[in-house]
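Kindly generate the corresponding structure for this input.
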Amino acid sequence: MRKDIHSIINQIYLSLKTRDASQIALFNGEAGCCLFEEFYIRHSENNSVNTARFEDNLQELAENSIGYSHTNFSGGKAGINWFFSYLNAKHILDDDSYEILCEDNPGLYEQAILLLEQGNYDFLHGAIGIIYHSLYTRANEAKEFHQHAFQLLCKLAYKPDGQFFIPNYNLEKNTPIPDQVNFGLAHGLPSVLKLCLEFFKQDICKTDARKMAYDIIALLKLHKNKNEDKSLFPSTVSISNHKPNYSRVAWCYGDLTIGFVLYQAGLVFEDPELMDYAIVILIHTSKRRSEEETVIRDAGICHGSAGAAHIYHKMWHFTQNNVFKETCDFWIQKTIDFSSHEDALAGYKAYAPTAEQKYIDSHGLLDGVSGIGLVLLSYLTGDFSWDYCLMLND
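Take a look at the predicted model:
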């Protein structure tokens with residue numbers, strides 16, 4: 001299997017030689033491709049030709065990013081600036097260059113406050129992605145912003161009648177859905193829980209962050225599905241009329257990242273009972289493997305086999321539980337098997353059905369070959385240092 005992985009990683013690197021660099025976003029553009037290239041060079045093929053290619057691509061990304069108007073983490077400057085922070089922390093980007101490229105951070109923070117005031121806390125497309133970026137390496141430069149942002153999160157979550165929940169935000173209509181709660185990491189409560197863990201670790205609103213974290217945990221437990229034949233948790237839930245619904249096995253939604261973030265909460269708060277609860281969730285999820293049970297139809301990180309493999313790989317490192325190692329290996333093999341499309345990027349296409357076609361080419365980090373390559377490199381090396389951008393960091 002390792003031989004196949006090495007071959008696919010090299011094919012992915014070669015496939016990225018011809019790409020459209022005008023889309024510069026982290027999750028579906030150039031910043032994500034450059035992240036893979038940096039990781040590939042560090043762990044696989046560190047030679048002068050590859051280094052020069054990376055430096056040229058990084059220079060073009062840097063030039064195109066200046067004045068970029070989109071702000072969110074997935075497709076905007078917050079994600080790109082996180083990547084520059086990552087390179088600065090790795091001593092690839094010097095401090096002076098970092099300051100120039102990220103001089104718009106204060107403007108991003110202002111936008112996050114506006115988004116929270118509108119109720120848009122979304123990780124990919126709202127305030128939490130911007131806040132999470134700001135916590136990566138230089139949190140001490142944004143203390144007032146963090147305190148203000150947390151106050152607004154509390155205002156969203158704690159209702160005058162004593163109820164606790166944060167309304168799901170409808171990104172298409174740009175308005176909260178008053179009675180609905182989102183249980184996905186990409187758009188919902190697990191991202192708020194993960195943010196609370198980061199605040200707690202960095203001593204930001206520490207007591208209140210811990211309280212909110214446990215209130216989120218209680219809400220998740222309250223709405224656990226009674227019928228456990230499929231998923232244990234729904235994708236979304238109505239607070240006033242809880243009708244059971246089921247979720248996929250994925251990074252974006254479902255039991256997999258709920259269990260993972262709950263386990264991390266147990267680690268941070270030194271709560272063995274919570275860690276055990278999370279392990280039960282993740283072992284249950286490990287038994288779901290068919291397409292019907294998982295809705296996994298491609299290899300991407302967002303809702304494909306690479307995302308599942310990466311999370312189980314991390315859980316094996318945390319616990320040394322062989323169930324997680326075997327499940328990781330299962331999904332890694334599926335990721336290899338998905339490299340089967342002719343005339344595709346290293347054999348991979350992303351599942352994105354339309355009236356014309358079911359699969360598309362994607363160079364991206366979230367649903368394309370850059371992300372698949374990062375997961376495969378982490379599998380070979382045990383280096384997870386890139387996955388802060390997915391809220392999966394330790």
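
what ranges do the strands span in the stretch 101-250 of the chain?
Counting by DSSP state E, counting those that start in this stretch, the stretch 101-250 of the chain has strands at residues 168-170, 175-177, 180-182, 236-238.

Of those, which is nearest Tyr109?
Closest of these to Tyr109 is strand 168-170, at 19.0 Å (criterion: C-beta to C-beta). To be clear about C-beta, it is placed using only N, CA and C from the backbone, and glycine gets the same treatment.

tell me what that closest one is packed against?
Packing partners of strand 168-170 (3 or more C-beta pairs under 8 Å, 6 or more residues apart in numbering; DSSP states H and E): strand 175-177, strand 180-182.

mind putting those strands in a markdown table, distance to Asn322 and mean neighbour count included?
Formatted as a markdown table, the helices and strands packed on strand 168-170 follow (distance: least, C-beta to C-beta, whole Å; neighbours: other C-beta atoms under 10 Å):
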| stretch | distance to Asn322 | mean neighbour count |
| --- | --- | --- |
| strand 175-177 | 41 | 15 |
| strand 180-182 | 33 | 21 |
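
For Ile12, which of those is the nearest?
strand 180-182 (31.9 Å).

okay if I get the strands of the stretch 101-250 of the chain as CSV plus distance to Lys226 and mean pLDDT?
As requested, the strands of the stretch 101-250 of the chain are arranged in CSV below (distance: least, C-beta to C-beta, whole Å; pLDDT from 0 to 100):
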stretch, distance to Lys226, mean pLDDT
strand 168-170, 22, 98
strand 175-177, 23, 97
strand 180-182, 17, 97
strand 236-238, 13, 95
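
Can you lay out the ones you listed as a markdown table showing distance to Tyr158?
As requested, the strands of the stretch 101-250 of the chain are exported to a markdown table (distance: least, C-beta to C-beta, whole Å):
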| stretch | distance to Tyr158 |
| --- | --- |
| strand 168-170 | 17 |
| strand 175-177 | 15 |
| strand 180-182 | 14 |
| strand 236-238 | 18 |
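
Mind jotting down where the strands sit in the stretch 251-394 of the chain?
When assigned using DSSP E, counting those that start in this stretch, the strands of the stretch 251-394 of the chain occupy the ranges 350-351, 359-360.

Need the winner for burial among those strands.
strand 350-351 (a mean of 22; mean count of other C-beta atoms under 10 Å).

coming back round to it: what's the closest of the helices and strands packed on strand 168-170 to Cys33?
Closest of those to Cys33 is strand 180-182, at 29.1 Å (criterion: C-beta to C-beta).

From the chain's centre, how far out is that closest one? Work that out for me.
19 Å (C-alpha atoms, centre = their mean, to the nearest Å).

and that strand, what does it pack onto?
Under the contact criterion of 3+ C-beta pairs under 8 Å, 6+ apart, strand 180-182 touches strand 168-170, strand 236-238.

Can you list the strands that that strand pairs with?
strand 236-238 (antiparallel) (DSSP bridges).

right, and the helices and strands packed on strand 168-170 - which one's nearest Ile166?
strand 180-182 (6.9 Å).

Arg138 against Ser85, yeah?
Yes. Arg138 is within contact range of Ser85, at 7.3 Å (criterion: C-beta atoms under 8 Å).

Which of those two has more residues huddled nearby?
Between Arg138 and Ser85, counting by other C-beta atoms under 10 Å, Ser85 is the more crowded of the two (21 against 14).

CA atoms only: put the host helix or strand of that one into CSV for me.
If you go by DSSP states H and E, Ser85 is part of helix 77-89. Below are the C-alpha coordinates for helix 77-89, written out as CSV (Å, rounded to 0.1, in the frame of the first residue of the first chain):
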residue,chain,number,x,y,z
LYS,A,77,-8.2,36.4,2.7
ALA,A,78,-8.5,34.9,6.2
GLY,A,79,-7.6,31.5,4.8
ILE,A,80,-4.8,32.9,2.7
ASN,A,81,-3.4,34.8,5.6
TRP,A,82,-3.5,31.7,7.7
PHE,A,83,-1.3,30.0,5.1
PHE,A,84,1.1,33.0,5.3
SER,A,85,1.1,32.5,9.1
TYR,A,86,1.9,28.8,8.7
LEU,A,87,4.8,29.7,6.4
ASN,A,88,6.0,32.3,8.8
ALA,A,89,5.9,29.8,11.7
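
Quick check: buried residues in it?
77-88 (16 or more other C-beta atoms under 10 Å).
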